[in-house]
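A.B. asks: Next come a sequence and a model predicted from it.
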Amino acid sequence: MRYAFSNTFLAAVLAVLLAACSPAADQAAKSSKTTETTEAKDTGAADTAAKTGKPAKPAADAASAPVLLVAPEDLRTLAPSLLAGGPVITGSLQPERKADLRSEVSAVVLQVLKQNGDPVQRGELLVRLDDSAIRDSMNSATESVRAIGQAFEQAERQLQRLKTLQAQGMTSMQALEDAEVRRNNAQSDLVAARARAATASQQLRRTEVRAPFAGVVSERKVSAGDTAAVGKELLKVIDPASMRFEGLVSADRMHEVKLGQAVSFRVNGFPQTEFSGKVQRVDATANATTRQVEVVVAFADPAAAPRVAGLFAEGRIESGTSEALMLPESSIVRAGEAASVWKLAADRISKVDVRLGERDPRRGEYPVLTGLSAGDRVLRKPGSGLLDGQRVELAAASRPAPAVPVPAAAAVPAAASAVATR
């Protein structure tokens with residue numbers, strides 16, 4: 001009887017437990033079905049994207065994205081333009097007239113009268129050196145010239161007297177010859193003394209360093225108190241009006257370079273100005289390390305040339321021209337080596353892959369080889385939040401506010417007031 005009661009009790013407990021677990025089992029089954037349905041939907045969307053070649057989510061984002069408002073000045077319409085096809089030339093602006101002023105005597109620097117950037121005139125004093133020792137040497141040489149000159153004059157008078165006595169037979173020929181030798185020696189000493197005086201005078205003038213031409217001090221190398229040895233650089237003077245473009249061209253393109261060819265180039269520091277010139281000189285020797293040849297380009301308008309030496313310049317020698325569609329760097333979106341642009345077609349924008357050519361250093365733009373055609377409109381400066389296929393709305397072009405006319409009734413009192421004031 002006791003065992004039968006136990007079996008009945010266990011059966012009742014199992015029934016209660018099964019009833020409690022059945023809702024959880026049903027819920028797990030429902031969750032499994034939901035997961036399978038979601039996976040099936042995702043698989044179907046992936047299959048659709050694979051068949052059409054376009055992802056489903058970006059399309060949905062583009063459709064739900066807000067309309068992009070674009071002004072006409074934000075667009076660039078591509079049109080063919082001339083592209084120079086000659087060799088590239090890079091270099092810097094250098095003056096044709098320049099001088100490195102160096103010390104010609106060994107002396108202490110007493111005074112430097114000019115600073116960097118100061119204008120100078122031809123013959124203007126720039127540096128003064130200590131001339132004490134040289135001035136003493138010149139004074140000594142001058143006194144030596146005076147003394148030897150007196151000795152020469154006395155020897156000359158003695159020789160003339162002996163010549164007169166010899167003609168009268170009152171002196172010997174030997175005495176006359178000795179007097180002539182003394183006169184000749186005195187004359188030689190006088191010439192040497194004058195040479196020493198001239199050298200001392202020249203050394204004295206060299207203690208004053210003067211400008212060889214009108215220009216500007218480009219670099220100051222010494223200060224007062226420095227010891228200037230012979231050959232030490234003191235100042236650099238350049239003529240800003242003689243600027244020219246000294247560039248380098250690859251030796252592989254030298255067959256395209258001829259004297260007188262037109263050159264278009266840009267100068268660092270003048271981004272909005274395009275300079276032009278002509279090939280003035282081509283070096284006869286290529287650099288053994290870089291295999292480049294120096295080419296000198298003269299400005300077509302020297303008055304418009306920059307007045308600063310050393311500025312970097314880059315351009316192209318116009319040995320041939322061709323038509324091409326040009327794009328600025330600001331319109332190009334780069335991802336590694338790939339390049340693309342945002343093109344506007346109807347009321348949508350799309351990302352178009354393009355293949356670009358070599359950058360034109362004269363204009364700073366890239367020629368489009370494939371991907372676009374004349375008349376296409378692209379964004380000048382695309383942002384990072386654009387979506388492929390996003391709708392675009394063109395805004396009206398900005399116009400200046402019209403001038404508000406002054407009413408005649410308001411102008412009459414003003415005129416009357418002016419007359420009353422007078």
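C.D. replies: Received, thanks.
A.B. asks: Regarding this structure, what is its longest strand?
C.D. replies: The residue-count maximum for a strand in the chain (DSSP state E) belongs to strand 270-286.
A.B. asks: tell me what that one is packed against?
C.D. replies: strand 243-250, strand 262-267, strand 292-299, strand 312-317 (3 or more C-beta pairs under 8 Å, 6 or more residues apart in numbering; DSSP states H and E). C-beta: built from backbone N, CA, C; applies to glycine.
A.B. asks: all strands for the stretch 51-200 of the chain, in order.
C.D. replies: Applying DSSP state E, counting those that start in this stretch to the stretch 51-200 of the chain gives strands spanning 68-70, 75-77, 80-84, 88-95, 98-102, 107-112, 119-120, 125-129.
A.B. asks: follow-up on the earlier one: can you put the helices and strands packed on strand 270-286 in JSON lines and add mean pLDDT, mean neighbour count and distance to residue 233?
C.D. replies: Shown next, in JSON lines, are the helices and strands packed on strand 270-286 (pLDDT from 0 to 100; neighbours: other C-beta atoms under 10 Å; distance: least, C-beta to C-beta, whole Å):
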{"stretch": "strand 243-250", "mean pLDDT": "95", "mean neighbour count": "22", "distance to residue 233": "21"}
{"stretch": "strand 262-267", "mean pLDDT": "91", "mean neighbour count": "21", "distance to residue 233": "27"}
{"stretch": "strand 292-299", "mean pLDDT": "96", "mean neighbour count": "20", "distance to residue 233": "24"}
{"stretch": "strand 312-317", "mean pLDDT": "91", "mean neighbour count": "22", "distance to residue 233": "25"}
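A.B. asks: Could I get those in JSON lines, plus columns for distance to residue 188?
C.D. replies: Listed next are the helices and strands packed on strand 270-286 as JSON lines, based on distance: least, C-beta to C-beta, whole Å:
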{"stretch": "strand 243-250", "distance to residue 188": "52"}
{"stretch": "strand 262-267", "distance to residue 188": "62"}
{"stretch": "strand 292-299", "distance to residue 188": "52"}
{"stretch": "strand 312-317", "distance to residue 188": "61"}
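A.B. asks: Any idea which of those strands gets closest to residue 353?
C.D. replies: With C-beta to C-beta as the criterion, residue 353 lies closest to strand 312-317 of the helices and strands packed on strand 270-286, at 27.1 Å.
A.B. asks: Tell me how far the closest one lies from the chain's centre.
C.D. replies: Chain-centre distance of strand 312-317: 10 Å, with C-alpha atoms, centre = their mean, to the nearest Å.
A.B. asks: Just the CA atoms from it would do, formatted as PDB, please.
C.D. replies: In PDB, the C-alpha atoms belonging to strand 312-317 read as follows (Å, rounded to 0.1, in the frame of the first residue of the first chain):
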ATOM      1  CA  PHE A 312      60.500  77.200 -55.900                       C
ATOM      2  CA  ALA A 313      59.100  77.200 -59.400                       C
ATOM      3  CA  GLU A 314      57.600  74.400 -61.500                       C
ATOM      4  CA  GLY A 315      56.300  74.400 -65.000                       C
ATOM      5  CA  ARG A 316      56.400  72.800 -68.400                       C
ATOM      6  CA  ILE A 317      58.200  73.700 -71.600                       C
END
